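Enquirer: Next one to model:
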Amino acid sequence: MRRIIPFLGLVCLLNTGFLTTSAQAASPLNASSAQTAAIFVGLKGAPLAADPNMKASTRFTKWRRRLDPTLAPAKQYRASLTAYQNHEIAYLHSLGLRFHVDRQYNVLLNGFSAHAPLSELPRLRMVSNVTGTTIQRHLHPLLDRSVALVHAPEAWSQLGGGPNAGKGIMIADIDTGIEITNPCFSDKGFAPPPFGKHADTTANFKFTNNKVIVARAFGGDPAHTFSAADSIGHGTFTGAIEACDYKTPTPLGTKISGVAPAAYLLNYNVFPQDGCGGPGPSS
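Expert: I've put the predicted structure just below:
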């Protein structure tokens, strides 16, 4: 029987507020089955993000022309996309494929996350409306190498010297947060950024200064807000590698600098509440 695929657009995955929990009953998994993995299953369909008509300058987009999933046509698309995904999930189950749906994604990606035996992946990939499957791996932040390995001081001579290296550049630190009380992030001598300082909550604004100009946190529960504070130090460490102020004194009596000492930093905490990322919801 020929199966018809409606034209699909894409909505934004990164905003977890646009994830939906599947209403489909999942095929049962044998709890004792070995080699069960968390996977992402992509489905066929054109992404909404590719449609320029879904871009607008609105309060949601902070008056910049960007994809706005709150537009009425986008909401209509999300509803039809969810219905389409539910139909596809039911079809996959009817083929005897064993998996338990965790979430369906309506933004940036068209598909769903699930738990399934690894033995089912080859069969899933063979279904016509499945674009692919990816095993999801839990990421943990680990310490990395130091500035000396990239020979940053040798480059500074071409950029007006160490104190000016990176001036005007904005570096997004996607990690566990940045502790602005660390001497590396003193904003002494830094002019306020041209577009001001920004945070996703009033509580997180206190984690900004004229050096670290953005503080945002991305947790797994869209019903809560999260702290951008760094509770384990890894983000502060990587932020220091990137842009520690030039010749910052240390407790050991030495002086250290980042690769781009004069750069601004943007704190994006993506580990705010899991086992390696610190505090849970702040509200």
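
Enquirer: contacting residues around S57?
Expert: Taking CB atoms under 8 Å, 6 or more residues apart in numbering as the criterion, S57 is in contact with 63-65. For every residue, glycine as well, the C-beta is placed using N, CA and C.

Enquirer: Oops, could you answer that again for R66 instead?
Expert: Shown in contact with R66 (CB under 8 Å, 6+ apart): 55-56.

Enquirer: repeat that for 10 Å
Expert: Each residue near R66 by CB atoms under 10 Å, 6 or more residues apart in numbering is listed here: 12, 49, 54-58, 60.

Enquirer: what does I256 give?
Expert: Applying CB under 10 Å, 6+ apart, the residues near I256 are 146-147, 183-184, 240-241, 244-250.

Enquirer: Tell me the most packed of these, by neighbour count.
Expert: C244 (28 neighbours; other CB atoms under 10 Å).

Enquirer: That one and I178: what is the separation?
Expert: Distance from C244 to I178, counting by CB to CB, to the nearest Å: 11 Å.

Enquirer: Now the common contact residues for the two.
Expert: Counting by CB under 10 Å, 6+ apart, the shared contacts of C244 and I178 are 184-185, 211, 236-237, 265.

Enquirer: Which residue lies closest in space to V270, excluding its sequence neighbours?
Expert: F218 (5.0 Å; CB to CB, 6 or more residues apart in numbering).

Enquirer: sorry, that was for D200
Expert: R216 (4.4 Å).

Enquirer: cool, and L266?
Expert: Setting aside the residues directly before and after it, L266 is nearest to V214 in space (CB to CB, 6+ apart), at 4.0 Å.

Enquirer: Any idea how many residues pack against L266?
Expert: When neighbours are counted by other CB under 10 Å, L266 comes out with 20.

Enquirer: again with T181
Expert: Count around T181 with other CB under 10 Å applied: 10.

Enquirer: The one 5 residues further on too?
Expert: Around S186 sit 16 other residues, with neighbours defined as other CB under 10 Å.

Enquirer: need the contact list for it.
Expert: 180, 209-211, 244-245, 248.

Enquirer: I'd like a version of those residues in CSV, one that adds pLDDT as further columns.
Expert: Output for these, formatted as CSV (pLDDT from 0 to 100):
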residue, pLDDT
I180, 97
N209, 97
N210, 97
K211, 98
C244, 95
D245, 96
T248, 93
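
Enquirer: Show me which of the residues you listed is closest to A223.
Expert: Within those, the smallest distance to A223 is 27.7 Å, found for I180 (CB to CB).

Enquirer: wait, what's in contact with that closest one?
Expert: I180 neighbours (CB under 10 Å, 6+ apart): 186-187, 206-209, 211-212, 215, 229-230, 236, 239, 265, 267.

Enquirer: what about the longest helix in the protein?
Expert: Longest helix of the chain, by residue count under DSSP state H: helix 72-94.

Enquirer: Downstream of it, the next helix or strand is which one?
Expert: Later in the chain than helix 72-94, the nearest helix or strand by DSSP states H and E is strand 100-105.

Enquirer: C-alpha coordinates for that following strand, CSV please?
Expert: Taking C-alpha atoms only, strand 100-105 is exported to CSV below (Å, rounded to 0.1, in the frame of the first residue of the first chain):
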residue,chain,number,x,y,z
HIS,A,100,9.8,3.0,23.6
VAL,A,101,9.3,6.6,22.5
ASP,A,102,10.7,9.2,25.0
ARG,A,103,10.0,12.5,23.2
GLN,A,104,9.0,13.9,19.8
TYR,A,105,10.8,16.9,18.4
